[in-house]
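*Asks:* below is the structure, and that's it, no one-letter string:
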């Protein structure tokens, strides 16, 4: 497999959890459980960030004194502020830590879902070539007909031929070439499976109709139109949950701990990124991002309450 190495790790983890631990059960619960595990792994960073924010808030009165004393000398002010933070064990960039961890995981999951979708696309096509739609039938989740296609009103239940060739056939062809050149190369499938897939891939449009015939809007229309795979619900929920997660974080985070540029502009940018990627990605990725945002929101509230008393103690200690 080629691509971002973290994506490969996430894909292998998802596949192991789904097939070994859950025995090929719900894709939804596979994603939820894996996301919660990731959140638990990054929990120490969240706690450290919250602790640092509270310390920074407690130093508010001291910072005000420095501003009055060195307000006309920005260089000296920066030097004294850094010294104050260092003395009290506060990192000026602590509020950036969650973002520095979240973004690589975000892109790793984005890539892993593409790999996972290609994996099941190959398996599905091979099953369709044998006249079976059993694997495709397992892809349905609530209102989404295929969890490995985007939850949008623009995406069809199965990708069209052009996308299939550029996304799936190209990836398998590349893997087969790598395996031929290097027999020890890591690939999704064995050489025999990839060769069998590439042999039936040219007939994809006919195989696709075994599924798509059940989603025709009007059988008498020409050209045929099909029901959409989803209705933009998951991308909208992902964007909304991302907004509220960051809004809650800003509300609970002391004003003194907030870094310039980490306010409304950053929130809007992150919401836009969330919606865009969820529209472009399989519904499975949108589920991950929604669950991740909900977990973050819950953690913000819990940690905010947990550190509320500590913040008061720090402030009283700083005032002495």
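*Replies:* The structure has been received and is ready for your questions. Note that the structure is a prediction, hence the values are computed from the model and not measured.
*Asks:* taking the centroid of this structure, which residue is nearest it?
*Replies:* Centrality entry for the chain: nearest residue to the mean C-alpha point is residue 106, 3.8 Å, by Cα atoms, centre = their mean.
*Asks:* can you give me every residue that contacts that one?
*Replies:* 277, 289 (Cβ atoms under 8 Å, 6 or more residues apart in numbering). To be clear about C-beta, it is placed using only N, CA and C from the backbone, and glycine gets the same treatment.
*Asks:* how close does it get to residue 242?
*Replies:* Residue 106 is 10 Å from residue 242, where distance means Cβ to Cβ, to the nearest Å.
*Asks:* identify the contacts common to the two.
*Replies:* With Cβ under 8 Å, 6+ apart, residue 106 and residue 242 have common neighbours residue 289.
*Asks:* that older thread, check which helix or strand covers the residue nearest to the centre of the chain.
*Replies:* helix 97-128 (DSSP states H and E).
*Asks:* give me the buried positions along that helix.
*Replies:* Within helix 97-128, the residues that count as buried by 16 or more other Cβ atoms under 10 Å are 97-98, 101-102, 105-106, 108-128.
*Asks:* before we move on, what about stretch 15-25?
*Replies:* Buried residues in stretch 15-25 (16+ other Cβ under 10 Å): 15, 17, 18.
*Asks:* got it, and stretch 265-276?
*Replies:* 267, 270, 271, 274, 275.
*Asks:* which non-adjacent residue is nearest the first one?
*Replies:* Which is residue 267. residue 246 (4.6 Å; Cβ to Cβ, 6 or more residues apart in numbering).
*Asks:* so who does that neighbour touch?
*Replies:* 266, 267, 270, 271.
*Asks:* over to residue 149?
*Replies:* Here residue 149 is in contact with 117, 155, 156, 157, 158, 159, 229, 230, 282, 283 (criterion: Cβ under 8 Å, 6+ apart).
*Asks:* also residue 180?
*Replies:* residue 191.
*Asks:* please report phi then psi for it.
*Replies:* phi -70, psi -40 (degrees, to the nearest 10).
*Asks:* give me the neighbour count for residue 44.
*Replies:* If you count neighbours by other Cβ atoms under 10 Å, residue 44 ends up with 9.
*Asks:* okay, residue 317: pLDDT?
*Replies:* On pLDDT, residue 317 comes in at 51.
*Asks:* if I look at residue 235, how far off is residue 176?
*Replies:* Counting by Cβ to Cβ - residue 235 and residue 176 are separated by 34 Å.
*Asks:* who has more neighbours, the two?
*Replies:* For residue 235 versus residue 176, neighbours defined as other Cβ under 10 Å are more numerous around residue 235 (26 against 19).
*Asks:* where does the more buried one land in three-state SS?
*Replies:* helix (DSSP: H, G, I helix; E, B strand; the rest coil).
*Asks:* excluding chain neighbours, give the residue nearest to it in space.
*Replies:* residue 278 (3.8 Å).
*Asks:* and that neighbour, what does it touch?
*Replies:* Taking Cβ under 8 Å, 6+ apart as the test, what residue 278 contacts is 150, 151, 234, 235, 238, 239, 285, 286, 289.
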